[in-house]
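# quick one: sequence plus predicted model below, questions after.
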Amino acid sequence: MNFKDTLPGVFLCVAMFACGHARANMLVYPMAAEINSSREEATSLFVYSKSDHVQYIRTRIMRIEHPGMPQEKEVPAGNDIETGLVVSPEKFALSPGTKKTIRVISTQAPEREEAWRVYFEAVPELEDDPQAGGKQNSSVSVNLVWGVLLRVSPSDPRPALVTNGHHLLNTGNTRLSLIRAGNCDTTCHWQNIDKSIYPGGSADIPAG
C-alpha cells in the first residue's frame, strides 16, 4: 500500500454562471492554496483585472464539510475571527488593468485539517462604496464566480492510516493522498486508487 501527504496547491475549482455573453473580466491566482499552521498564519491570493472598467468584487467564505466524501457539502461561514478564517479585504473595487492582493488569515490552528472555499464574485456595486453612487456598473453583464480551494493544516500533523479489511480509514489529523493499494502474497497485485482521504474519511479497498 502506498500513500503520501499531499502537496499544497494542486486542485482547481472555477464556477461560472452566466446570463448572456460571458467573458472573464478578472482572474484569480492561485486557484488552490494552503495555510500550514506550523509555519504560517496566512496566505495571499491575487485578483487581476481583465476589464476596461472598474469592477466591484465581493468575497464569500464557505466551509467544506466531509471533504472528499459522497456527503460533501459547503456551508456558509462568516468572515470573522470566531469562524477561524478571515479574508481581507472582504469587498473591494478593482480598477482597470490592476492587481489586488487578498490576504486569507487563519485565526486559529485547527485540530484536524480543514477545507474551505473562498468565492470571488463581481457585483454591480459595493453597498458601502461612496464612489458607487447607487449606479449600476455597466461592465458587470454576467455573474462570474471564482472559487478558490483553501486547506488549513494543523500545527502538529499526525498522519495515520488503518484498514478493517474492506476500507482504508484515515485516523490521523491530516489529509492523505492514496496512490495505490496492493494485494500481496508471494507477489503483489497493485491497483491505482488516486484518492485524497481527509481526517475521519475512508476509501474502499479494491477487490482482487
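That came through, no problem.
# domain ranges for the protein, per the record?
Domain assignment for the chain, taken from automatic domain parsing, gives 7-153, 161-204.
# by mean pLDDT, which helix or strand of the protein comes out lowest?
Within the chain, confidence by mean pLDDT, DSSP states H and E is lowest for strand 13-17 among all helices and strands, at a mean of 38.
# quick check: next helix or strand after that strand?
strand 26-29 (DSSP states H and E).
# how far off centre is that following strand?
14 Å (C-alpha atoms, centre = their mean, to the nearest Å).
# centre-most residue in the protein?
The centroid of the chain falls nearest to L149 when counting by C-alpha atoms, centre = their mean (1.3 Å).
# so that one, which of the three states?
strand (DSSP: H, G, I helix; E, B strand; the rest coil).
# and the gap between the residue sitting furthest away from the middle of the chain and G165?
Most distant residue from the mean C-alpha position of the chain: T186, 42.5 Å away (C-alpha atoms, centre = their mean). Counting by C-beta to C-beta, to the nearest Å, the separation of T186 from G165 is 20 Å. For the C-beta atoms, the positions are set from N, CA and C on the backbone; glycine is no exception.
# which SSE is the nearest residue to T174 once chain neighbours are set aside in?
Setting aside the residues directly before and after it, T174 is nearest to P157 in space (C-beta to C-beta, 6 or more residues apart in numbering), at 4.0 Å. For P157, there is no helix or strand it lies in under DSSP H and E.
# my guess is P157 meets S38, correct?
Yes. Checked against C-beta atoms under 8 Å, the pair P157 and S38 is within contact range at 7.3 Å.
# please identify which of the two sits among more neighbours.
More crowded of P157 and S38, by other C-beta atoms under 10 Å: P157, with 17 against 10.
# give the contact list for that one.
5, 38, 113, 172-174 (C-beta atoms under 8 Å, 6 or more residues apart in numbering).
# let me have these in TSV, extended by secondary structure.
Below are the contacts of P157 laid out as TSV (three-state DSSP):
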residue	secondary structure
D5	strand
S38	coil
E113	coil
G172	coil
N173	coil
T174	coil
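# give me the buried subset of those.
Restricting those to buried positions leaves 113, 172-174, with burial counted as 16 or more other C-beta atoms under 10 Å.
# and of those, the nearest to H53?
E113 (39.8 Å; C-beta to C-beta).
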